[in-house]
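Visitor: Predicted model and sequence follow; I will ask about them next.
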Amino acid sequence: MKAVIIMKLLNNERGAILITMLLLMVIVTLIGVIAINTTTVDMQITGNLKRVSTAFEGAEAGIDLAIPIIENSLASGQLTTSNTAISTAFNFTSGSGTTASLDTTNSPSLGDEITGSSSYNTDTPNSSPPDLSITNLNGVAVNVDIDRLYSYALPGGSLEFAAGYEGVGVGAAGGGAGVLYSIDSQGTIE
């Protein structure tokens with residue numbers, strides 16, 4: 001009698017393994033689809049981070065180029081428009097296709113902004129034309145806006161010591177003057 005009951009149980013379980021295997025295959029397929037989707041999203045995120053990093057590095061390069069232009073313009077008393085000076089300051093390699101140009105057309109010019117002859121702080125890197133433009137910098141276009149904000153007397157002069165901190169001659173003899181500039185640089189992927 002026991003043998004007949006066991007046979008009936010085995011006969012009632014036909015197809016149970018098939019259904020179980022189909023469910024396992026559906027679960028494994030879903031896990032695979034989720035893994036592929038996650039990998040695709042991760043690759044997109046990585047690509048976006050690379051583009052952002054490249055644009056940021058281009059903007060940093062614009063700031064690095066603007067500083068010697070300001071220093072050279074202050075030393076000479078006028079804007080140096082020589083592309084050779086720009087290429088030397090930025091170490092452009094010949095044949096790289098990278099070009100840099102200064103804006104000398106807008107009124108007032110960049111030289112006037114740097115030397116403080118005029119206050120023109122309403123322009124932005126998106127102005128047309130920007131104060132400084134670099135193209136084809138490893139696939140990045142960079143626009144830079146340079147604005148002179150203000151100058152101030154540096155502490156530490158001999159007249160300042162003799163006159164007291166406030167009074168006649170503050171900062172006139174040795175402390176000199178400090179000049180504060182705003183450099184806005186924007187890098188965009190070409």
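Guide: Looks like it came in fine.
Visitor: Report the secondary structure state of residue 17.
Guide: Secondary structure, DSSP: H, G, I helix; E, B strand; the rest coil: residue 17 is helix.
Visitor: give me the number of residues near it?
Guide: Residue 17 sits with 9 neighbouring residues when counted by other C-beta atoms under 10 Å. C-beta coordinates here come from the backbone N, C-alpha and C atoms, glycine included.
Visitor: In contact with it, which residues?
Guide: Contacts for residue 17 (C-beta atoms under 8 Å, 6 or more residues apart in numbering) come out as none.
Visitor: Quick check: it vs residue 23, distance?
Guide: Going from residue 17 to residue 23 by C-beta to C-beta, to the nearest Å gives 11 Å.
Visitor: just the helices in this protein please.
Guide: Along the chain, the segments classed as helices by DSSP state H run 2-12, 16-76, 83-90, 110-115, 158-163.
Visitor: Those: which one's closest to residue 178?
Guide: helix 16-76 (11.9 Å; C-beta to C-beta).
Visitor: before we move on, back to that, could you export the helices of the chain as a markdown table, including distance to residue 139 and mean pLDDT?
Guide: Listed next are the helices of the chain as a markdown table, based on distance: least, C-beta to C-beta, whole Å; pLDDT from 0 to 100:
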| stretch | distance to residue 139 | mean pLDDT |
| --- | --- | --- |
| helix 2-12 | 69 | 57 |
| helix 16-76 | 7 | 91 |
| helix 83-90 | 16 | 50 |
| helix 110-115 | 26 | 76 |
| helix 158-163 | 51 | 53 |
